[in-house]
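K.L.:
Sequence isn't available, so here's the structure alone:
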(Lines give C-alpha, C1' and ligand atoms only; values in the text may rest on other atoms or scores of the structure.)
Protein backbone atom coordinates (compact mmCIF):
# COMPACT_ATOMS: atom_id res chain seq x y z
CA UNK A 1 0.00 0.00 0.00
CA UNK A 2 1.46 3.34 -0.97
CA UNK A 3 0.80 6.73 0.56
CA UNK A 4 -0.27 8.89 -2.36
CA UNK A 5 -1.44 12.46 -1.74
CA UNK A 6 -5.07 13.04 -2.58
CA UNK A 7 -6.23 16.34 -3.99
CA UNK A 8 -8.70 18.40 -2.00
CA UNK A 9 -9.00 21.64 -3.88
CA UNK A 10 -11.77 23.01 -1.69
CA UNK A 11 -9.51 23.07 1.34
CA UNK A 12 -6.26 23.90 -0.40
CA UNK A 13 -6.24 27.48 0.81
CA UNK A 14 -6.53 26.47 4.45
CA UNK A 15 -3.29 26.30 6.39
CA UNK A 16 -4.30 22.92 7.86
CA UNK A 17 -5.17 21.32 4.51
CA UNK A 18 -1.87 19.41 4.19
CA UNK A 19 -2.44 17.80 7.61
CA UNK A 20 -5.32 15.84 6.05
CA UNK A 21 -2.65 13.81 4.24
CA UNK A 22 -1.64 10.94 6.55
CA UNK A 23 1.97 10.81 5.38
CA UNK A 24 2.53 14.54 5.72
CA UNK A 25 0.79 14.64 9.10
CA UNK A 26 2.92 11.80 10.51
CA UNK A 27 6.18 13.25 9.25
CA UNK A 28 5.19 16.78 10.30
CA UNK A 29 4.51 15.74 13.90
CA UNK A 30 7.76 13.79 14.08
CA UNK A 31 9.68 16.72 12.59
CA UNK A 32 8.19 18.96 15.28
CA UNK A 33 9.85 16.77 17.92
CA UNK A 34 13.10 16.72 15.95
CA UNK A 35 13.06 20.52 15.63
CA UNK A 36 12.38 20.77 19.36
CA UNK A 37 15.48 18.69 20.03
CA UNK A 38 17.57 20.80 17.65
CA UNK A 39 16.58 24.00 19.46
CA UNK A 40 17.30 22.46 22.85
CA UNK A 41 20.73 21.45 21.57
CA UNK A 42 21.38 24.94 20.21
CA UNK A 43 20.64 26.48 23.61
CA UNK A 44 22.92 23.97 25.29
CA UNK A 45 25.74 24.51 22.80
CA UNK A 46 25.54 28.31 22.85
CA UNK A 47 25.35 28.49 26.63
CA UNK A 48 28.10 25.91 27.07
CA UNK A 49 30.32 28.11 24.90
CA UNK A 50 29.56 31.19 27.01
CA UNK A 51 30.67 29.21 30.05
CA UNK A 52 33.91 28.05 28.42
CA UNK A 53 34.96 31.41 26.94
CA UNK A 54 34.05 35.08 27.15
CA UNK A 55 35.05 35.79 23.53
CA UNK A 56 32.03 37.02 21.57
CA UNK A 57 33.35 35.64 18.29
CA UNK A 58 33.55 32.10 19.74
CA UNK A 59 29.94 32.33 20.93
CA UNK A 60 28.82 33.54 17.51
CA UNK A 61 30.80 30.74 15.85
CA UNK A 62 28.36 28.18 17.30
CA UNK A 63 25.77 29.41 14.80
CA UNK A 64 28.44 29.47 12.09
CA UNK A 65 29.39 25.84 12.80
CA UNK A 66 25.76 24.77 12.48
CA UNK A 67 25.07 26.77 9.30
CA UNK A 68 28.37 26.66 7.41
CA UNK A 69 27.88 23.05 6.18
CA UNK A 70 24.79 24.18 4.29
CA UNK A 71 26.89 26.58 2.25
CA UNK A 72 29.67 24.02 1.70
CA UNK A 73 27.73 20.90 0.69
CA UNK A 74 24.38 22.21 -0.42
CA UNK A 75 24.83 21.64 -4.16
CA UNK A 76 26.06 18.03 -3.81
CA UNK A 77 23.19 17.50 -1.35
CA UNK A 78 20.71 18.93 -3.84
CA UNK A 79 22.06 16.74 -6.63
CA UNK A 80 21.81 13.66 -4.40
CA UNK A 81 18.22 14.62 -3.53
CA UNK A 82 17.32 14.74 -7.25
CA UNK A 83 19.25 11.56 -8.13
CA UNK A 84 18.22 9.16 -5.37
CA UNK A 85 15.22 8.23 -3.22
CA UNK A 86 14.63 11.33 -1.09
CA UNK A 87 13.30 9.25 1.78
CA UNK A 88 16.55 7.27 1.96
CA UNK A 89 18.62 10.45 1.70
CA UNK A 90 16.71 11.92 4.66
CA UNK A 91 17.28 8.77 6.73
CA UNK A 92 21.02 8.73 6.03
CA UNK A 93 21.26 12.44 6.84
CA UNK A 94 19.46 11.99 10.14
CA UNK A 95 21.86 9.16 10.94
CA UNK A 96 24.84 11.52 10.49
CA UNK A 97 23.27 14.10 12.80
CA UNK A 98 22.43 11.39 15.33
CA UNK A 99 26.05 10.23 15.39
CA UNK A 100 27.26 13.79 15.97
CA UNK A 101 24.69 14.44 18.71
CA UNK A 102 25.49 11.13 20.42
CA UNK A 103 29.23 11.88 20.36
CA UNK A 104 28.60 15.35 21.79
CA UNK A 105 26.45 13.86 24.57
CA UNK A 106 29.06 11.24 25.44
CA UNK A 107 32.00 13.65 25.53
CA UNK A 108 30.00 16.20 27.54
CA UNK A 109 29.07 13.48 30.03
CA UNK A 110 32.75 12.78 30.65
CA UNK A 111 33.65 16.48 30.73
CA UNK A 112 35.86 16.29 27.64
CA UNK A 113 34.24 19.02 25.55
CA UNK A 114 36.45 21.98 24.60
CA UNK A 115 35.41 25.05 22.58
CA UNK A 116 37.00 23.72 19.40
CA UNK A 117 35.56 20.23 19.90
CA UNK A 118 32.12 21.71 20.51
CA UNK A 119 32.35 23.62 17.22
CA UNK A 120 33.56 20.51 15.38
CA UNK A 121 30.68 18.35 16.59
CA UNK A 122 28.18 21.12 15.86
CA UNK A 123 29.64 21.09 12.35
CA UNK A 124 28.96 17.32 12.09
CA UNK A 125 25.37 17.77 13.23
CA UNK A 126 24.99 20.68 10.83
CA UNK A 127 26.40 18.55 8.00
CA UNK A 128 23.64 15.99 8.50
CA UNK A 129 21.06 18.76 8.43
CA UNK A 130 22.66 20.27 5.31
CA UNK A 131 22.51 16.93 3.49
CA UNK A 132 18.90 16.45 4.50
CA UNK A 133 17.47 19.89 3.75
CA UNK A 134 17.15 19.68 -0.08
CA UNK A 135 15.68 16.16 0.04
CA UNK A 136 13.37 17.16 2.87
CA UNK A 137 12.04 20.30 1.24
CA UNK A 138 11.70 18.90 -2.27
CA UNK A 139 9.87 15.82 -0.92
CA UNK A 140 7.02 17.96 0.42
CA UNK A 141 5.49 18.11 -3.06
CA UNK A 142 5.36 14.28 -3.00
CA UNK A 143 3.41 14.21 0.27
CA UNK A 144 0.62 16.68 -0.59
CA UNK A 145 -1.34 17.62 -3.73
CA UNK A 146 0.12 20.52 -5.69
CA UNK A 147 -2.55 23.02 -4.67
CA UNK A 148 -1.69 22.45 -0.98
CA UNK A 149 2.05 22.97 -1.46
CA UNK A 150 2.20 26.62 -0.27
CA UNK A 151 0.34 25.67 2.92
CA UNK A 152 2.65 22.67 3.42
CA UNK A 153 5.75 24.85 3.08
CA UNK A 154 4.27 27.29 5.60
CA UNK A 155 3.40 24.42 7.97
CA UNK A 156 6.98 23.17 7.90
CA UNK A 157 8.08 26.67 8.86
CA UNK A 158 5.46 26.71 11.60
CA UNK A 159 6.78 23.37 12.88
CA UNK A 160 10.26 24.83 13.19
CA UNK A 161 8.98 27.93 14.91
CA UNK A 162 6.63 26.15 17.29
CA UNK A 163 9.79 24.35 18.35
CA UNK A 164 11.59 27.69 18.44
CA UNK A 165 8.89 29.03 20.76
CA UNK A 166 9.01 26.16 23.23
CA UNK A 167 12.46 24.65 22.60
CA UNK A 168 14.65 27.48 23.85
CA UNK A 169 12.62 27.87 27.03
CA UNK A 170 12.75 24.12 27.63
CA UNK A 171 16.44 24.16 26.71
CA UNK A 172 17.11 26.96 29.17
CA UNK A 173 15.36 25.04 31.96
CA UNK A 174 17.13 21.79 31.04
CA UNK A 175 20.53 23.49 30.98
CA UNK A 176 19.84 25.30 34.25
CA UNK A 177 18.73 22.09 36.03
CA UNK A 178 20.77 19.29 34.43
CA UNK A 179 23.47 21.01 32.39
CA UNK A 180 24.31 21.05 28.69
CA UNK A 181 24.80 17.27 28.57
CA UNK A 182 21.07 16.72 29.14
CA UNK A 183 20.26 19.11 26.27
CA UNK A 184 22.57 17.17 23.97
CA UNK A 185 21.03 13.83 25.03
CA UNK A 186 17.47 15.08 24.37
CA UNK A 187 18.54 16.23 20.92
CA UNK A 188 19.85 12.76 20.08
CA UNK A 189 16.70 10.99 21.34
CA UNK A 190 14.31 13.26 19.46
CA UNK A 191 15.82 12.32 16.11
CA UNK A 192 14.35 8.82 16.47
CA UNK A 193 10.61 9.59 15.90
CA UNK A 194 11.38 11.33 12.60
CA UNK A 195 13.55 8.45 11.46
CA UNK A 196 10.66 6.08 12.21
CA UNK A 197 8.11 8.27 10.36
CA UNK A 198 10.34 8.43 7.28
CA UNK A 199 10.93 4.68 7.43
CA UNK A 200 7.16 4.09 7.35
CA UNK A 201 6.61 6.42 4.38
CA UNK A 202 5.79 4.43 1.24
CA UNK A 203 7.09 6.89 -1.29
CA UNK A 204 5.41 6.95 -4.71
CA UNK A 205 7.80 7.61 -7.57
CA UNK A 206 7.47 7.76 -11.31
CA UNK A 207 10.55 6.05 -12.74
CA UNK A 208 12.41 7.98 -15.40
CA UNK A 209 12.94 6.30 -18.74
CA UNK A 210 16.41 7.89 -18.84
CA UNK A 211 19.22 6.84 -16.48
CA UNK A 212 20.21 9.34 -13.76
CA UNK A 213 23.17 11.64 -14.20
CA UNK A 214 26.32 11.01 -12.23
CA UNK A 215 26.98 13.30 -9.27
CA UNK A 216 29.38 15.61 -11.09
CA UNK A 217 27.06 16.07 -14.07
CA UNK A 218 24.06 16.54 -11.78
CA UNK A 219 25.85 19.32 -9.90
CA UNK A 220 26.84 20.99 -13.17
CA UNK A 221 23.26 20.72 -14.46
CA UNK A 222 21.93 22.28 -11.27
CA UNK A 223 24.40 25.15 -11.30
CA UNK A 224 23.72 25.76 -14.99
CA UNK A 225 19.98 25.84 -14.42
CA UNK A 226 20.31 28.36 -11.58
CA UNK A 227 22.78 30.62 -13.39
CA UNK A 228 20.48 30.85 -16.39
CA UNK A 229 17.33 31.43 -14.29
CA UNK A 230 17.23 35.17 -13.54
CA UNK A 231 14.26 34.84 -11.17
CA UNK A 232 16.02 32.27 -8.97
CA UNK A 233 19.26 34.27 -9.00
CA UNK A 234 17.39 37.33 -7.73
CA UNK A 235 15.81 35.35 -4.89
CA UNK A 236 19.18 33.85 -3.92
CA UNK A 237 20.81 37.27 -3.86
CA UNK A 238 18.07 38.80 -1.73
CA UNK A 239 18.09 35.81 0.62
CA UNK A 240 21.85 35.98 1.11
CA UNK A 241 21.70 39.71 1.91
CA UNK A 242 18.97 39.12 4.48
CA UNK A 243 20.93 36.21 5.95
CA UNK A 244 24.09 38.28 6.35
CA UNK A 245 22.34 41.26 7.95
CA UNK A 246 19.55 39.51 9.85
CA UNK A 247 21.93 36.86 11.15
CA UNK A 248 22.95 39.41 13.77
CA UNK A 249 19.79 38.65 15.74
CA UNK A 250 20.34 34.93 16.23
CA UNK A 251 24.11 35.23 16.58
CA UNK A 252 24.00 37.94 19.25
CA UNK A 253 20.92 36.91 21.23
CA UNK A 254 23.05 34.96 23.78
CA UNK A 255 25.08 38.14 24.37
CA UNK A 256 21.91 40.24 24.59
CA UNK A 257 20.70 37.94 27.37
CA UNK A 258 24.06 37.92 29.16
CA UNK A 259 25.35 41.49 28.66
CA UNK A 260 22.29 43.70 28.07
CA UNK A 261 19.73 41.89 30.25
CA UNK A 262 22.28 40.45 32.73
CA UNK A 263 20.43 37.11 32.73
CA UNK A 264 21.27 33.43 32.61
CA UNK A 265 20.27 30.46 30.50
CA UNK A 266 16.59 30.89 31.46
CA UNK A 267 16.49 34.46 30.12
CA UNK A 268 18.28 33.37 26.97
CA UNK A 269 15.72 30.60 26.44
CA UNK A 270 12.85 33.03 27.00
CA UNK A 271 14.26 35.47 24.45
CA UNK A 272 14.59 32.74 21.83
CA UNK A 273 11.05 31.62 22.65
CA UNK A 274 9.79 35.16 22.01
CA UNK A 275 11.50 35.14 18.62
CA UNK A 276 10.00 31.73 17.85
CA UNK A 277 6.53 32.81 18.94
CA UNK A 278 6.69 35.76 16.59
CA UNK A 279 7.85 33.46 13.79
CA UNK A 280 4.84 31.18 14.32
CA UNK A 281 2.53 34.19 14.12
CA UNK A 282 4.26 35.28 10.91
CA UNK A 283 3.99 31.83 9.30
CA UNK A 284 0.29 31.56 10.22
CA UNK A 285 -0.38 34.81 8.38
CA UNK A 286 1.66 34.07 5.25
CA UNK A 287 -1.48 33.29 3.21
CA UNK A 288 -2.96 36.69 3.98
CA UNK A 289 0.33 38.43 3.25
CA UNK A 290 0.53 36.74 -0.17
CA UNK A 291 -3.07 37.74 -0.97
CA UNK A 292 -2.66 41.38 0.01
CA UNK A 293 0.89 42.19 -1.10
CA UNK A 294 3.26 41.40 -3.95
CA UNK A 295 6.45 39.57 -3.11
CA UNK A 296 8.55 42.71 -3.43
CA UNK A 297 6.21 44.82 -1.26
CA UNK A 298 6.13 42.13 1.42
CA UNK A 299 9.93 41.77 1.52
CA UNK A 300 10.35 45.53 1.77
CA UNK A 301 7.83 45.78 4.61
CA UNK A 302 9.51 42.90 6.44
CA UNK A 303 12.98 44.47 6.13
CA UNK A 304 11.78 47.83 7.45
CA UNK A 305 9.91 46.20 10.34
CA UNK A 306 12.88 44.05 11.25
CA UNK A 307 15.19 47.06 11.15
CA UNK A 308 13.02 48.84 13.69
CA UNK A 309 12.82 45.72 15.87
CA UNK A 310 16.61 45.26 15.88
CA UNK A 311 17.10 48.93 16.83
CA UNK A 312 14.73 48.42 19.77
CA UNK A 313 16.62 45.26 20.70
CA UNK A 314 19.88 47.20 20.85
CA UNK A 315 18.48 49.99 23.03
CA UNK A 316 16.31 47.95 25.41
CA UNK A 317 17.53 46.73 28.80
CA UNK A 318 14.11 45.52 29.96
CA UNK A 319 13.31 41.83 29.27
CA UNK A 320 9.68 42.39 28.29
CA UNK A 321 10.58 45.08 25.73
CA UNK A 322 13.41 42.96 24.37
CA UNK A 323 11.01 40.01 24.06
CA UNK A 324 8.49 42.17 22.19
CA UNK A 325 11.19 43.35 19.77
CA UNK A 326 12.32 39.76 19.20
CA UNK A 327 8.71 38.65 18.59
CA UNK A 328 8.30 41.29 15.87
CA UNK A 329 11.67 40.39 14.38
CA UNK A 330 10.70 36.71 14.40
CA UNK A 331 7.40 37.36 12.61
CA UNK A 332 8.84 39.35 9.72
CA UNK A 333 11.94 37.12 9.56
CA UNK A 334 9.75 34.07 9.02
CA UNK A 335 7.48 35.76 6.47
CA UNK A 336 10.57 36.73 4.46
CA UNK A 337 12.00 33.21 4.46
CA UNK A 338 8.69 31.56 3.54
CA UNK A 339 8.31 33.98 0.62
CA UNK A 340 11.86 33.26 -0.55
CA UNK A 341 11.37 29.51 -0.21
CA UNK A 342 8.08 29.55 -2.09
CA UNK A 343 9.58 31.66 -4.87
CA UNK A 344 12.32 29.07 -5.40
CA UNK A 345 10.18 25.98 -4.86
CA UNK A 346 7.45 27.10 -7.24
CA UNK A 347 9.89 28.43 -9.85
CA UNK A 348 11.95 25.27 -10.36
CA UNK A 349 10.59 22.16 -12.12
CA UNK A 350 10.72 18.91 -10.16
CA UNK A 351 13.79 17.55 -11.96
CA UNK A 352 15.96 20.29 -10.47
CA UNK A 353 13.92 21.15 -7.35
CA UNK A 354 16.43 19.66 -4.90
CA UNK A 355 19.35 21.51 -6.42
CA UNK A 356 17.45 24.81 -6.58
CA UNK A 357 16.42 24.51 -2.94
CA UNK A 358 20.00 23.56 -2.06
CA UNK A 359 21.23 26.76 -3.68
CA UNK A 360 18.64 28.71 -1.70
CA UNK A 361 19.77 27.02 1.51
CA UNK A 362 23.39 27.78 0.66
CA UNK A 363 22.59 31.44 0.05
CA UNK A 364 20.48 31.92 3.18
CA UNK A 365 22.44 29.78 5.64
CA UNK A 366 25.76 30.75 4.12
CA UNK A 367 24.82 34.39 4.50
CA UNK A 368 23.79 33.80 8.11
CA UNK A 369 27.00 31.85 8.82
CA UNK A 370 29.21 34.59 7.37
CA UNK A 371 27.12 37.25 9.07
CA UNK A 372 27.30 35.51 12.45
CA UNK A 373 31.09 35.51 12.31
CA UNK A 374 31.19 39.13 11.15
CA UNK A 375 28.75 40.33 13.81
CA UNK A 376 30.76 38.51 16.45
CA UNK A 377 33.95 40.27 15.35
CA UNK A 378 32.19 43.64 15.29
CA UNK A 379 30.82 42.99 18.78
CA UNK A 380 34.30 42.29 20.12
CA UNK A 381 35.40 45.63 18.70
CA UNK A 382 32.38 47.88 19.31
CA UNK A 383 30.04 46.08 21.73
CA UNK A 384 26.64 44.41 21.41
CA UNK A 385 24.60 47.62 21.20
CA UNK A 386 26.64 49.13 18.40
CA UNK A 387 26.67 45.89 16.39
CA UNK A 388 22.88 45.64 16.59
CA UNK A 389 22.44 49.30 15.66
CA UNK A 390 24.62 48.79 12.57
CA UNK A 391 22.49 45.76 11.62
CA UNK A 392 19.32 47.84 12.10
CA UNK A 393 20.57 50.59 9.78
CA UNK A 394 21.51 48.04 7.10
CA UNK A 395 18.08 46.41 7.35
CA UNK A 396 16.37 49.77 6.97
CA UNK A 397 18.26 50.56 3.76
CA UNK A 398 18.15 47.02 2.31
CA UNK A 399 14.77 47.59 0.54
CA UNK A 400 16.70 49.74 -1.93
CA UNK A 401 17.92 46.45 -3.42
CA UNK A 402 14.42 46.04 -4.81
CA UNK A 403 15.10 48.85 -7.27
CA UNK A 404 17.88 46.76 -8.80
CA UNK A 405 16.75 43.20 -7.99
CA UNK A 406 12.94 43.19 -7.67
CA UNK A 407 11.33 39.98 -6.43
CA UNK A 408 10.03 37.99 -9.43
CA UNK A 409 6.43 36.79 -9.82
CA UNK A 410 5.94 33.18 -8.80
CA UNK A 411 5.56 30.61 -11.57
CA UNK A 412 2.16 28.96 -11.87
CA UNK A 413 1.76 25.52 -10.31
CA UNK A 414 1.75 22.67 -12.78
CA UNK A 415 4.27 24.25 -15.16
CA UNK A 416 6.23 21.04 -15.41
CA UNK A 417 8.20 19.47 -18.28
CA UNK A 418 6.28 17.87 -21.12
CA UNK A 419 7.46 14.42 -22.16
CA UNK A 420 8.33 14.14 -25.84
CA UNK A 421 8.99 11.15 -28.02
CA UNK A 422 12.61 10.58 -28.95
CA UNK A 423 13.46 11.84 -32.45
CA UNK A 424 13.82 9.18 -35.09
CA UNK A 425 17.39 8.49 -36.20
CA UNK A 426 19.06 6.23 -38.73
CA UNK A 427 22.61 6.46 -37.45
CA UNK A 428 23.29 3.87 -34.70
CA UNK A 429 23.78 5.81 -31.46
CA UNK A 430 24.63 4.93 -27.89
CA UNK A 431 23.93 7.08 -24.84
CA UNK A 432 27.55 8.28 -24.88
CA UNK A 433 27.60 9.23 -28.56
CA UNK A 434 28.49 12.87 -28.93
CA UNK A 435 28.90 15.76 -29.03
CA UNK A 436 25.50 16.51 -30.59
CA UNK A 437 24.96 19.67 -32.63
CA UNK A 438 21.40 20.90 -33.12
CA UNK A 439 20.54 23.45 -35.78
CA UNK A 440 17.06 24.94 -36.20
CA UNK A 441 16.34 27.03 -39.28
CA UNK A 442 13.62 29.69 -39.30
CA UNK A 443 12.48 31.91 -42.13
CA UNK A 444 11.38 35.27 -40.68
CA UNK A 445 10.22 38.35 -42.55
CA UNK A 446 12.51 41.35 -42.18
CA UNK A 447 9.85 43.47 -40.45
CA UNK A 448 9.64 40.81 -37.70
CA UNK A 449 13.40 40.42 -37.35
CA UNK A 450 13.76 42.56 -34.21
CA UNK A 451 10.86 40.88 -32.36
CA UNK A 452 12.19 37.45 -33.33
CA UNK A 453 15.69 38.31 -32.12
CA UNK A 454 14.32 39.52 -28.76
CA UNK A 455 12.40 36.26 -28.35
CA UNK A 456 15.52 34.23 -29.10
CA UNK A 457 17.21 35.78 -26.06
CA UNK A 458 14.56 34.13 -23.87
CA UNK A 459 14.93 30.88 -25.77
CA UNK A 460 18.70 31.01 -25.23
CA UNK A 461 18.19 31.09 -21.46
CA UNK A 462 15.91 28.09 -21.31
CA UNK A 463 18.03 26.04 -23.73
CA UNK A 464 21.12 26.72 -21.63
CA UNK A 465 19.54 26.06 -18.24
CA UNK A 466 18.18 22.75 -19.49
CA UNK A 467 21.57 21.46 -20.67
CA UNK A 468 22.65 23.06 -23.95
CA UNK A 469 25.97 24.86 -24.37
CA UNK A 470 27.64 26.88 -27.08
CA UNK A 471 24.29 28.43 -28.06
CA UNK A 472 24.23 30.94 -30.92
CA UNK A 473 21.86 32.47 -33.41
CA UNK A 474 22.97 33.60 -36.88
CA UNK A 475 21.42 35.42 -39.83
CA UNK A 476 22.29 34.55 -43.41
CA UNK A 477 23.96 37.55 -45.06
CA UNK A 478 22.88 36.41 -48.55
CA UNK A 479 19.33 35.55 -47.45
CA UNK A 480 18.36 37.92 -44.58
CA UNK A 481 15.11 36.07 -43.87
CA UNK A 482 17.00 32.89 -42.96
CA UNK A 483 17.93 32.53 -39.26
CA UNK A 484 19.77 29.57 -37.73
CA UNK A 485 19.70 28.68 -34.04
CA UNK A 486 22.58 26.40 -33.07
CA UNK A 487 23.60 24.69 -29.82
CA UNK A 488 25.51 21.68 -28.53
CA UNK A 489 24.87 18.85 -26.08
CA UNK A 490 27.77 16.70 -24.80
CA UNK A 491 26.16 13.33 -25.62
CA UNK A 492 23.04 11.83 -27.13
CA UNK A 493 21.74 11.04 -23.64
CA UNK A 494 22.34 14.63 -22.54
CA UNK A 495 20.37 15.80 -25.57
CA UNK A 496 17.43 13.56 -24.67
CA UNK A 497 17.48 14.98 -21.14
CA UNK A 498 17.71 18.55 -22.43
CA UNK A 499 14.83 17.91 -24.82
CA UNK A 500 12.56 16.59 -22.06
CA UNK A 501 13.32 19.20 -19.41
CA UNK A 502 11.56 22.17 -21.01
CA UNK A 503 8.44 23.20 -19.08
CA UNK A 504 5.12 24.08 -20.62
CA UNK A 505 5.91 27.80 -20.50
CA UNK A 506 9.25 27.14 -22.19
CA UNK A 507 7.52 25.06 -24.87
CA UNK A 508 5.29 28.09 -25.41
CA UNK A 509 8.40 30.13 -26.29
CA UNK A 510 9.29 27.51 -28.90
CA UNK A 511 5.80 27.81 -30.35
CA UNK A 512 6.13 31.60 -30.46
CA UNK A 513 9.37 31.26 -32.41
CA UNK A 514 7.74 28.83 -34.80
CA UNK A 515 4.87 31.29 -35.30
CA UNK A 516 7.36 33.77 -36.80
CA UNK A 517 8.31 31.22 -39.47
CA UNK A 518 6.97 31.88 -42.97
CA UNK A 519 7.04 29.93 -46.20
CA UNK A 520 5.68 26.62 -47.46
CA UNK A 521 8.29 24.44 -45.71
CA UNK A 522 8.15 23.87 -41.93
CA UNK A 523 10.90 24.88 -39.52
CA UNK A 524 13.87 22.69 -40.30
CA UNK A 525 15.68 20.87 -37.45
CA UNK A 526 19.04 19.21 -37.98
CA UNK A 527 20.57 16.95 -35.33
CA UNK A 528 24.18 16.13 -36.16
CA UNK A 529 26.86 14.06 -34.50
CA UNK A 530 30.20 15.85 -34.48
CA UNK A 531 32.95 13.60 -35.79
CA UNK A 532 36.43 14.96 -35.00
CA UNK A 533 39.26 12.78 -36.27
CA UNK A 534 39.85 9.71 -34.08
CA UNK A 535 36.60 10.08 -32.15
CA UNK A 536 34.46 7.23 -33.46
CA UNK A 537 33.70 4.67 -30.69
CA UNK A 538 31.62 1.73 -31.83
CA UNK A 539 30.79 0.19 -28.43
CA UNK A 540 28.80 1.54 -25.46
CA UNK A 541 31.70 1.10 -23.01
CA UNK A 542 34.42 2.30 -25.38
CA UNK A 543 36.00 5.66 -24.42
CA UNK A 544 34.69 8.63 -26.39
CA UNK A 545 37.31 11.42 -26.21
CA UNK A 546 35.14 13.94 -28.07
CA UNK A 547 32.15 13.46 -25.75
CA UNK A 548 34.39 13.65 -22.67
CA UNK A 549 35.95 16.87 -23.95
CA UNK A 550 32.46 18.24 -24.57
CA UNK A 551 31.39 17.35 -21.03
CA UNK A 552 34.43 19.10 -19.59
CA UNK A 553 33.85 22.08 -21.85
CA UNK A 554 30.18 22.38 -20.91
CA UNK A 555 31.07 22.06 -17.21
CA UNK A 556 33.52 24.91 -17.49
CA UNK A 557 31.29 27.04 -19.65
CA UNK A 558 28.04 26.28 -17.74
CA UNK A 559 26.02 27.26 -20.73
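P.N.:
That came through fine. These numbers were taken from a predicted model, which means no experiment stands behind them.

K.L.:
Low-confidence ranges, the stretch 151-300 of the chain, go.
P.N.:
Low-confidence segments of the stretch 151-300 of the chain (pLDDT under 70): 161, 164-165, 204-209.

K.L.:
Which residue ranges of it form helices?
P.N.:
180-189, 192-200, 215-227, 230-255, 265-284, 286-292, 295-315 (DSSP state H, counting those that start in this stretch).

K.L.:
So what angle separates the directions of the last one and helix 265-284?
P.N.:
Counting by axes from the mean of the first three to the mean of the last three Cα atoms, to 10 degrees, helix 295-315 points 160 degrees away from the direction of helix 265-284.

K.L.:
before we move on, the earlier item: how about a markdown table for the helices of the stretch 151-300 of the chain, with distance to residue 64 added?
P.N.:
Bear in mind the C-beta positions are built from the backbone N, C-alpha and C, glycine included. Converted to a markdown table, those look like this (distance: least, Cβ to Cβ, whole Å):
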| stretch | distance to residue 64 |
| --- | --- |
| helix 180-189 | 19 |
| helix 192-200 | 25 |
| helix 215-227 | 24 |
| helix 230-255 | 8 |
| helix 265-284 | 17 |
| helix 286-292 | 28 |
| helix 295-315 | 19 |
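
K.L.:
Kindly reformat those helices as TSV containing mean neighbour count.
P.N.:
Output for the helices of the stretch 151-300 of the chain, formatted as TSV (neighbours: other Cβ atoms under 10 Å):
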stretch	mean neighbour count
helix 180-189	23
helix 192-200	17
helix 215-227	21
helix 230-255	24
helix 265-284	24
helix 286-292	15
helix 295-315	21
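
K.L.:
for these, which one sits closest to residue 445?
P.N.:
Ranking those by proximity to residue 445 (Cβ to Cβ) places helix 230-255 first, at 29.5 Å.

K.L.:
Next, the angle helix 265-284 makes with that closest one.
P.N.:
150 degrees.

K.L.:
Adjust the sequence numbering to begin at 48 for everything that follows.
P.N.:
Noted, 48 is the first residue going forward, which turns the last one into helix 277-302.

K.L.:
Could you check the angle helix 277-302 makes with helix 262-274?
P.N.:
Using the same axes, to 10 degrees, the inter-axis angle of helix 277-302 relative to helix 262-274 is 100 degrees.

K.L.:
Out of the helices of the stretch 198-347 of the chain, which gets nearest to residue 107?
P.N.:
For residue 107, the closest of these is helix 277-302, at 4.4 Å, according to Cβ to Cβ.

K.L.:
how distant is the closest one from the center of its chain?
P.N.:
Between the centre of helix 277-302 and the centre of its chain there are 13 Å (Cα atoms, centre = their mean, to the nearest Å).

K.L.:
circling back: what's the closest of the helices of the stretch 198-347 of the chain to residue 399?
P.N.:
When the helices of the stretch 198-347 of the chain are compared by Cβ to Cβ, helix 262-274 sits nearest residue 399, at 4.9 Å.

K.L.:
Three-state assignment for residue 527, please.
P.N.:
Each residue gets one of three states, and residue 527 gets coil by DSSP: H, G, I helix; E, B strand; the rest coil.

K.L.:
From residue 121, how far off is the closest residue to it other than its chain neighbours?
P.N.:
Using Cβ to Cβ, 6 or more residues apart in numbering and skipping the chain neighbours, the partner closest in space to residue 527 is residue 493 (5.9 Å). Separation of residue 493 from residue 121 (Cβ to Cβ, to the nearest Å): 48 Å.

K.L.:
So these two - more neighbours on which side?
P.N.:
A count of neighbours by other Cβ atoms under 10 Å puts residue 121 above the other of residue 493 and residue 121, at 27 against 8.

K.L.:
these two touch, right, that one and residue 411?
P.N.:
No. If you go by Cβ atoms under 8 Å, residue 121 and residue 411 don't touch, sitting 9.9 Å apart.

K.L.:
give me the number of residues near residue 166?
P.N.:
Applying other Cβ under 10 Å, we find 18 other residues in the vicinity of residue 166.

K.L.:
nope, residue 98 is what I meant
P.N.:
With other Cβ under 10 Å as criterion, residue 98 counts 11.

K.L.:
Could you say which helix or strand holds it?
P.N.:
Using DSSP states H and E, residue 98 sits in helix 69-99.

K.L.:
Please report the distance of the most centrally placed residue in the chain from residue 184.
P.N.:
Nearest to the geometric centre of the chain sits residue 404, at 2.5 Å (Cα atoms, centre = their mean). Per Cβ to Cβ, residue 404 is found 5 Å from residue 184.

K.L.:
Common neighbours of those two, please.
P.N.:
Jointly contacting residue 404 and residue 184 under the rule Cβ atoms under 8 Å, 6 or more residues apart in numbering are 388, 392.

K.L.:
ok, back up a step: the residue nearest to the centre of the chain and residue 187 touch, don't they?
P.N.:
No. Residue 404 lies out of contact with residue 187 (Cβ under 8 Å); the separation is 9.8 Å.

K.L.:
any common contacting residues for those two?
P.N.:
residue 392.

K.L.:
Give me the secondary structure label for residue 484.
P.N.:
What three-state DSSP gives for residue 484 is strand.

K.L.:
Chain neighbours aside, what residue packs nearest to it?
P.N.:
residue 575 (4.6 Å).

K.L.:
now do residue 204
P.N.:
Residue 204's closest residue in space is residue 330 (Cβ to Cβ, 6+ apart), at 4.5 Å.

K.L.:
can you map out the strands along the chain?
P.N.:
With strands called from DSSP state E, the chain shows them at 483-490, 516-522, 529-536, 571-576.
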